[in-house]
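Participant: fold the following and give me the result.
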Amino acid sequence: MNTGSVRLNITIPKELAQSMDDYIGSGKRSRFVAEAIKTLIDKKLKEKMNASLEEGYKATAKESREFAGEFQNVDLEGWDDY
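Facilitator: A predicted model of the protein is given here:
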């Protein structure tokens with residue numbers, strides 16, 4: 001992971017900046033913003049991955065049910081013994 005830093009000039013609402021300072025204290029903005037951005041990106045990537053997985057599952061659902069049905073008799077063998 002690259003540990004270098006990039007200086008950015010961003011604009012946020014004054015109320016949001018005040019809330020951030022009240023919450024974390026001044027002088028810790030950069031770390032807080034970096035962690036918030038990373039958290040949001042991680043969340044969005046996870047949502048995208050979950051959507052892709054859901055789409056894949058839906059696309060193969062019929063095939064999966066048919067395949068499982070082929071083994072239903074084998075899966076139930078021996079259950080009457082219990």
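
Participant: can you list the weak-confidence ranges in this structure?
Facilitator: 1-2, 81-82 (pLDDT under 70).

Participant: which stretches in it count as helices?
Facilitator: Per DSSP state H, the chain carries helices over the ranges 14-24, 29-70, 72-76.

Participant: could you give the angle of the longest one to helix 14-24?
Facilitator: Per axes from the mean of the first three to the mean of the last three Cα atoms, to 10 degrees, the angle that helix 29-70 makes with helix 14-24 is 90 degrees.

Participant: sorry, back to before: out of the helices of the chain, which is closest to residue 5?
Facilitator: Nearest to residue 5 among the helices of the chain is helix 29-70 (8.1 Å), distances taken as Cβ to Cβ. C-betas here are computed from N, CA, C, even on glycine.

Participant: for the closest one, name the packing helices and strands.
Facilitator: Counting contacts by 3 or more Cβ pairs under 8 Å, 6 or more residues apart in numbering; DSSP states H and E, helix 29-70 packs against helix 14-24.

Participant: the helix it packs on packs against which elements?
Facilitator: For helix 14-24, the packing partners by 3+ Cβ pairs under 8 Å, 6+ apart come out as helix 29-70.

Participant: can you pull up the most central residue in the chain?
Facilitator: Closest residue to the average C-alpha location of the chain: residue 46 at 2.1 Å, with Cα atoms, centre = their mean.

Participant: any idea how far it is from residue 25?
Facilitator: For residue 46, the distance to residue 25 (Cβ to Cβ, to the nearest Å) stands at 30 Å.
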